[in-house]
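> Following is a predicted model, sequence given first.
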Amino acid sequence: MRITYALLLALLLVASATSSAQQKVEFNPTFNIPVAPTGLSGKPLPANPVDYDTAEGQKIRVSVVAKGLSNPFSIAFLPDGGMLVTERIGQLRVIRNGVLDPVPVAGGPRAYSAGYSGMPGAVHGYMDVVLHPNFATNRYVYLSYTKPLDATKRATAISRSKWDGKALTETKDIFVADLQSTSRIAFGKDGMLYMTTVNDAADAQSPQKLTSHGGKVLRLKDDGTVPSDNPFANRTDAKKEIYTLGHRSSLGLALHPSTGEMWLNENGPNGGDEINILKPGANYGWPLVSFGRTYQGPWQSNQFAREGFESPLVYWTPAIAVSGMTFYTGNKLAKWKGDVFVGSLRTGEIPGTGHVERILFNEKMEELRRESLLVDLRQRIRDIRQGPDELLYVLTDEKNGAVLKIEPLK
């Protein structure tokens, strides 16, 4: 068979086009998002402590304080040295002297918990736990959780209880939002309780609507009522609890120890994770501006910044699925003093790539450099907190979750 020059050229062009074509990525038909690869996930934690050199010369040791937690979300430190840890199955656990009490804490609110719903990022059950600033005298413990309203409807609520040393008592809801949402809570320097919500799945524009709790930070008194100086308290066309708007999915909330400003981190879609400093009444842009792409590939917005919207202090592209945040103020990890630490659930949409990130700022709170820590553990990091002992404690958001401790290597 004689092959002409034209036929040969055509065959070469077809072969070239075929060899350079992109792979066809499998999509989840329900949510229209790429199916994540699992080749790096599922690694168990090491049985023994692990030592690390780090970028600033701060040598550390990482060890497991307690295992056997079901997707832990948050941690609070009791004055007697114990730890309260929330689980997404709707339970509160206590750790004393490094031992997890096998019996969950009694007396908390009844929470809806369906586990993993198939939607990435879906969180139900108990979420954040914080102690009242005057806990030593009033013994108040606050929980953000998923409240069942009826057989099919749910909402995110904040409960307040008293801690009697073993159980929660006098539990009651002090606030119920108008949607089901992942939520962080934290007390500000002003004594007010701040609450984050994610954007309403049923209304993509909810973060821009003052008539919806979706995609907001709310500001409440410690009894759940609305402060009279909230930025929208005197408007009839707004939810009076709203403090800031234009957020997507806020999973970290921390009070700056020096300035008294409230810092928040939030997830973008495929890219565009952020750290923001909250200003009363400010709009942070979602979904109208973003540094991220949609999960299908196109940019979320054709604008990364826009007049009238607050720009982030820090952003990540690709996304690290940022969750949890703390300022390190201690002396035991001296070379990290003043740094900000955040958790990462996964990097670049790949499970098994969660870690801790350390961010160094200058005196003007301008970012200088970042460092990724605990990458080789391949855990979803849900929260990181500084303990009263000036060490860092990390929660792994796994079915067999754990509390990890970061201490200096002597």
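Perfect, thanks for sending it.

> I'd guessed Thr156 sits against Thr196; true?
No - assessed by Cβ atoms under 8 Å, Thr156 is found out of contact with Thr196, at 9.7 Å. To be clear about C-beta, it is placed using only N, CA and C from the backbone, and glycine gets the same treatment.

> If you count surrounding residues, which of these two has more?
Ranked by neighbour count (other Cβ atoms under 10 Å), Thr156 and Thr196 place Thr196 first, with 30 against 25.

> so that one bridges to which residues?
Val217 (DSSP bridges).

> thought Phe187 was touching His132?
Yes - with contacts counted by Cβ under 8 Å, Phe187 reaches His132, the gap being 7.3 Å.

> does the closest residue to Arg306 other than its chain neighbours count as helix, strand or coil?
The shortest distance from Arg306 to any non-neighbouring residue, by Cβ to Cβ, 6 or more residues apart in numbering, is to Val289 (4.9 Å). Here Val289 is recorded as coil under DSSP: H, G, I helix; E, B strand; the rest coil.

> Could you pull up phi and psi at Ala136?
In terms of degrees, to the nearest 10, the main-chain angles of Ala136 are phi -60, psi -30.

> hang on, the earlier thing: who touches both of Thr156 and Thr196?
Residues touching both Thr156 and Thr196 (Cβ atoms under 8 Å, 6 or more residues apart in numbering): 182-183.

> pretty sure the residue nearest to Arg306 contacts Glu307?
No - look at Val289 against Glu307 with Cβ under 8 Å: they stay out of range, at 10.2 Å.

> Burial check on Asp190, number of neighbours?
If you count neighbours by other Cβ under 10 Å, Asp190 ends up with 13.

> now the one 10 residues further on
Around Asp200 there are 20 other residues, counting by other Cβ under 10 Å.

> and what of the one 5 residues further on?
Burial of Gln205, expressed as a neighbour count using other Cβ under 10 Å, amounts to 14.

> Please name the nearest non-neighbouring residue to Ala334.
Gln58 (7.5 Å).

> list the contacts for that neighbour?
Taking Cβ under 8 Å, 6+ apart, we find Gln58 in contact with 333-336, 408.

> tell me the helices in this protein, going along the chain?
5-20, 135-138 (DSSP state H).

> Type out the PyMOL command that picks the buried ones from the contacts of Gln58.
In PyMOL, a selection of the buried entries from the contacts of Gln58 looks like this (16 or more other Cβ atoms under 10 Å):
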select buried, resi 333+336+408
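
> The contacts of Gln58 in strands, which ones?
Among the contacts of Gln58, the members falling in strands (DSSP state E) are Pro408.

> which one of the contacts of Gln58 is nearest Ala202?
Nearest to Ala202 out of the contacts of Gln58 is Trp336 (Cβ to Cβ; 41.9 Å).

> hang on, the closest one packs against Tyr328?
Yes - with contact defined as Cβ under 8 Å, Trp336 reaches Tyr328; the gap is 5.0 Å.

> Quick check: closest non-adjacent residue to Leu84.
In space, Leu84 is closest to Ala76, 4.6 Å off (Cβ to Cβ, 6+ apart).

> Just give me the neighbour total for that neighbour.
Residues near Ala76, counting by other Cβ under 10 Å: 20.

> what's it in contact with, if anything?
Taking Cβ under 8 Å, 6+ apart, one finds 83-84, 129-131, 141 in contact with Ala76.

> Can you give me the first-to-last residue distance of stretch 132-150?
By Cα to Cα, to the nearest Å, the extent of stretch 132-150 from end to end equals 30 Å.

> in that stretch, what's buried?
Neighbour counts using 16+ other Cβ under 10 Å place 132, 135, 139-148 of stretch 132-150 among the buried residues.

> what's the farthest-apart pair in those residues?
Once Cβ to Cβ is applied, those give Phe135 and Pro148 as the farthest pair, at 28.1 Å.

> which among the contacts of Gln58 gets closest to Trp299?
Closest approach between these and Trp299, by Cβ to Cβ: Trp336, at 34.9 Å.

> distance of that closest one from Glu371?
Look at Trp336 and Glu371: by Cβ to Cβ, to the nearest Å, they are 9 Å apart.
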